[in-house]
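In: predicted model follows, preceded by the sequence.
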Amino acid sequence: MRSLTRANDAKAFIRVWKVMEMCFRVLHHGKLVTQRELFYKLLSDSPEFFTSQCQVNRTVQDVVALLRCTRRSLGIMASSRGAIIGRLLLQEPGEEIIDCSVLGQAGHVITGDLNLLSKLVFRSDARFIIIVEKDAIFQRLAEDGLFNQIPCILITAKGYPDIATRFILHRLNQNFPDLPVLALVDWNPAGLAILCTYKFGSTTMGLESYRYACNVKWLGLRGDDLQLVPQHSLVQLKPRDLQIAKSLMSSKLLQEPYAAELTMMVEMGHKVEIEALYCHGFDFLGKYIAGKIVQSDYI
Amino acid sequence: MVGRSSSSNPSDVLRQIKGFVLLLIQDISRNRAPSVALDRFRIYCSDPSGNCICNYDLPIGKEIISLEKESHAYRLDVLLRVLQIIQQLLQEKRHASKRDIYYMHPSVFLEQAVVDRAINDICILLKCSRHHLNVVPVGKGLVMGWLRFVEAGRKSCCIRSPDTAYPVPVNSEDIKDIASVAKYVLVVEKETVFQRLANDQFCERNHCIVITGRGYPDVPTRRFLRHLVEQLHLPVYCLVDSDPYGFDILTTYRFGSMQMAYDAMLMHVPELRWLGVFPSDFEKYNLPDHCLLHLTSEDKKKVEAMLSRCYLHKEAPKWRLELEIMLQKGVKFEIEALSVNSLSFLSDWYIPSKIQNGYYI
């Protein structure tokens, strides 16, 4: 609730209007801005109200919530970090078909343009969609040709997912509702937080992020995989990890058995990265994933 | 390339590895403490006289690692373990990143830097580049524009949609059939600028190629840029923020990095020109004062350290002058400051007019 009665709130209130005004101007010229450009424009235009990028980002979220619109519709360009590879054919209307199974290991770069993504036509013979937290793992699995051994689509946002990656995942989920969506993340609070972002959306992204929530299942790494990794790959949890764990615990969305896994992490005080499995050889990861899928070992 | 082996294919490297290990075993069997001699390379120092011997090609001195010294025993252990992993990668025709290698024996390696040093030592020892050992990073760079190439049998037709981003290929060696009708290559520091140019359909309208390393460029991005320049003979311009990090990124593209000094020959781009944003552009283009930030004390230290780099004296004195202006004025600003008054200023005016009028150094 923003009102004019408290000085800080008054400024926040004005910021919302200033952002709306700036976006209006941008849209009027038929253009798009990056968040950074928006910051500089606002800084120049109203320096008494805007001092940091974070402030601008928060205000944009407020506007999105207020107008019940998307950032894209305000004229703000989204960057995309996502990549996709595997048994999928993508086609923009009128353009050539992109076969994601014959690309280099970096995969197909997912565009930040949500309009374009909404027009894509998909065809696939995959049986699973696997979300991979980290780019390095994505490229390793791409190089090993995992999607030819287990017909699947691999997708990564190289960390916390951006809107574009979540949007394309959402569309794939809608187009192929029978395909289980599985997640491969590090065994640490951040990994679980990333999984939850795909699954539920995120408060920091604002209201629009809940639109693209997907029923994602946790494939790995999980607590019972710890027996597969050497003692030395367990790394102590840092204060930041504990912070993330705390905020996850307090979230109403976190239910069993995820809460039990998080409790185990905090009690053990340690975390493990997926790469720890490499001690068994580089091809172990593919076998690990295949094994889990075959046994439907996901929660 | 003086001092470098011309052989770079996997079977040659495997043979070299075998040869090296045999020598060590011979030493041990004759009751001699095995030792390894490594060349040291240096691409810059802080000697301003211009008489230093820094260069891209020849080693400067040697370092001997020997089992005679206890402190070297660990280093040699790590080197041999990493060598064994590399041998396996080459035999299985697999690739791995430095991080992946670290995870093979985290209890011995203890930290990433240890593995990185071993890999560098092996490159120097076998006189080859990292990618010859099948050690490749995860690709980070993006490219778009009037370009077409084939990588390991796969066609990348960037020209079909010149404002769409494609990943920079991880192995420049696999690139064949590179063709382009572009007029120049533009390297940009930040992904946001890359996005701005894509959104403005810059490549399509200006018949060029745009690359970004998304910050400090990784090896594949730098190799790809060099490859483009060698194959296409196009002018190359670089657009960075007017701050210490921007300048450092600029010098990384042009001169190479100290960490990869032994490979600088393959990756530096002497043809690279600094297009902007210059500290002196601030007044020239009447940028608003609010966009200026003060240099922090760390920024100033970084600038001073960069000012002392010998290659600036020898090869880019004009760059050095602009850097001095940055320190003198004590301020920095980002490229986005140029878009404050008009979003299309960068694409429609700043870049094309600078290139046309030769306002680059």
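Out: Nice, I can see it.

In: where does pLDDT dip in the chain?
Out: No chain specified, so I'll use chain A. Applying pLDDT under 70 to chain A flags the ranges A:1-8, A:203-209.

In: sorry, should have said chain B
Out: For chain B, the ranges with pLDDT under 70 are B:1-7.

In: make it 50
Out: Applying pLDDT under 50 to chain B flags residues B:1-3, B:6.

In: nearest residue to the spatially most central residue of chain B other than its sequence neighbours?
Out: Closest residue to the average C-alpha location of chain B: B:R222 at 4.4 Å, with Cα atoms, centre = their mean. In space, and not counting its chain neighbours, B:R222 is closest to B:M267: 4.4 Å by Cβ to Cβ, 6 or more residues apart in numbering or on different chains. C-beta coordinates here come from the backbone N, C-alpha and C atoms, glycine included.

In: count of residues packed around the one you found?
Out: Using other Cβ atoms under 10 Å in any protein chain shown, B:M267 is surrounded by 24 other residues.

In: the closest residue to chain B within the stretch 51-200 of chain A is in what secondary structure piece?
Out: Here the stretch 51-200 of chain A gets closest to chain B at one residue, A:A106, 3.7 Å apart by Cβ to the nearest Cβ. Here A:A106 sits in a region with no helix or strand, counting by DSSP states H and E.

In: for the closest residue to it other than its chain neighbours, give me its contacts.
Out: The shortest distance from A:A106 to any residue other than its chain neighbours is 3.7 Å, reached at B:P167 (Cβ to Cβ, 6+ apart). B:P167 is in contact with A:83, A:104, A:106-107, A:109, B:139, B:141-143, counting by Cβ atoms under 8 Å, 6 or more residues apart in numbering or on different chains.

In: counting contacts, what elements does the biggest helix by length in chain B pack onto?
Out: Counting by DSSP state H, the longest helix found in chain B is helix B:70-92. If contacts are counted by 3 or more Cβ pairs under 8 Å, 6 or more residues apart in numbering or on different chains; DSSP states H and E, helix B:70-92 sits against helix B:10-29, strand B:62-66, helix B:98-104, helix B:106-109, helix B:112-126.

In: out of these, which is the most enclosed?
Out: helix B:98-104 (a mean of 22; mean count of other Cβ atoms under 10 Å in any protein chain shown).

In: that helix packs against which elements?
Out: helix A:135-143, helix B:70-92, helix B:112-126.

In: would you mind writing the CA trace of that helix as PDB?
Out: The C-alpha trace of helix B:98-104 is given here as PDB (Å, rounded to 0.1, in the frame of the first residue of the first chain):
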ATOM      1  CA  LYS B  98      39.000 -26.700 -16.100                       C
ATOM      2  CA  ARG B  99      36.300 -27.000 -13.500                       C
ATOM      3  CA  ASP B 100      35.300 -30.500 -14.600                       C
ATOM      4  CA  ILE B 101      38.900 -31.600 -14.200                       C
ATOM      5  CA  TYR B 102      39.100 -30.100 -10.700                       C
ATOM      6  CA  TYR B 103      36.100 -32.300  -9.700                       C
ATOM      7  CA  MET B 104      37.900 -35.500 -10.800                       C
END
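
In: hang on, the earlier thing: just send the helices and strands packed on helix B:98-104 back as a markdown table, with distance to B:F247 too.
Out: Shown next, in a markdown table, are those (distance: least, Cβ to Cβ, whole Å):
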| stretch | distance to B:F247 |
| --- | --- |
| helix A:135-143 | 28 |
| helix B:70-92 | 34 |
| helix B:112-126 | 24 |
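
In: select, out of these, the one closest to B:N206.
Out: Closest to B:N206 of those, according to Cβ to Cβ: helix A:135-143, at 30.5 Å.

In: the helix or strand that the closest one is followed by near chain B at all?
Out: Of the helices and strands lying after helix A:135-143 in sequence (DSSP H and E), the nearest is helix A:146-149. No: judged by Cβ under 8 Å from any Cβ of the partner chain, helix A:146-149 makes no contact with chain B; its nearest approach is 13.5 Å.

In: helix A:146-149 packs against which elements?
Out: Helix A:146-149 makes packing contacts with strand A:152-156, helix A:284-294 when contacts are defined by 3+ Cβ pairs under 8 Å, 6+ apart.

In: among the ones you listed, which is the most enclosed?
Out: strand A:152-156 (a mean of 26).

In: give the partner strands of that one in its sheet and their orientations.
Out: Strands that pair with strand A:152-156, judged by DSSP bridges, come out as strand A:83-86 (antiparallel), strand A:128-132 (parallel).

In: how about CSV for the helices and strands packed on helix A:146-149, with distance to A:E261 added?
Out: Formatted as CSV, those follow (distance: least, Cβ to Cβ, whole Å):
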stretch, distance to A:E261
strand A:152-156, 21
helix A:284-294, 15
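
In: can I get the helix or strand harbouring the residue nearest to the centre of chain B in CSV, CA atoms only?
Out: Using DSSP H and E, B:R222 sits in helix B:219-232. Extracted in CSV, the C-alpha atoms of helix B:219-232 (Å, rounded to 0.1, in the frame of the first residue of the first chain):
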residue,chain,number,x,y,z
VAL,B,219,39.1,-17.9,-24.7
PRO,B,220,36.6,-19.1,-27.4
THR,B,221,35.4,-15.5,-27.9
ARG,B,222,38.9,-14.2,-28.3
ARG,B,223,40.0,-16.9,-30.6
PHE,B,224,36.8,-16.5,-32.7
LEU,B,225,37.5,-12.8,-33.0
ARG,B,226,41.1,-13.4,-34.1
HIS,B,227,39.9,-16.1,-36.5
LEU,B,228,37.3,-13.6,-38.1
VAL,B,229,40.0,-11.0,-38.5
GLU,B,230,42.5,-13.4,-40.1
GLN,B,231,39.9,-14.9,-42.5
LEU,B,232,37.9,-11.9,-43.4
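
In: what's the helix or strand following that helix packed up against?
Out: Sequence order places strand B:236-239 as the next helix or strand after helix B:219-232, per DSSP H and E. Judged by 3+ Cβ pairs under 8 Å, 6+ apart, strand B:236-239 is in contact with strand B:185-188, helix B:219-232, helix B:244-255, strand B:272-276.

In: got a list of contacts for strand B:236-239?
Out: Here strand B:236-239 has contacts from B:184-189, B:193, B:225, B:228-229, B:250, B:253-254, B:269, B:271-277, B:335, B:351, B:355, B:360, using Cβ under 8 Å, 6+ apart.

In: out of those residues, which are buried?
Out: Neighbour counting with 16 or more other Cβ atoms under 10 Å in any protein chain shown marks B:184-189, B:193, B:225, B:228-229, B:250, B:253-254, B:269, B:272-277, B:335, B:351, B:355, B:360 as buried within the contacts of strand B:236-239.

In: mind checking how far the top helix by length along chain A is from the chain centre?
Out: Among the segments of chain A that qualify as a helix by DSSP H, the longest is helix A:7-28. Distance of helix A:7-28 from the chain centroid (Cα atoms, centre = their mean, to the nearest Å) equals 28 Å.

In: ok, it near chain B or not?
Out: Yes: residues of helix A:7-28 contacting chain B under Cβ under 8 Å from any Cβ: A:V26.

In: neighbours around B:G153, how many?
Out: 9.

In: circling back: what's the closest of the helices and strands packed on helix B:70-92 to A:D225?
Out: Comparing the helices and strands packed on helix B:70-92 by Cβ to Cβ, helix B:98-104 comes nearest, at 14.8 Å.

In: measure the closest residue to chain B within the stretch 151-299 of chain A to B:E324 for me?
Out: Chain B sits closest to A:H232 of the stretch 151-299 of chain A, with a gap of 3.5 Å, by Cβ to the nearest Cβ. Counting by Cβ to Cβ, to the nearest Å, the gap from A:H232 to B:E324 is 49 Å.

In: for B:D289, same thing?
Out: With distances taken as Cβ to Cβ, B:D289 is found 22 Å from B:E324.

In: now the strands for chain A?
Out: A:83-86, A:89-91, A:97-99, A:108-109, A:121-123, A:128-132, A:152-156, A:181-184, A:216-220, A:235-236, A:270-271 (DSSP state E).

In: what residues does A:I244 make contact with?
Out: With contacts defined as Cβ under 8 Å, 6+ apart, A:I244 is in contact with A:189-190, A:193.
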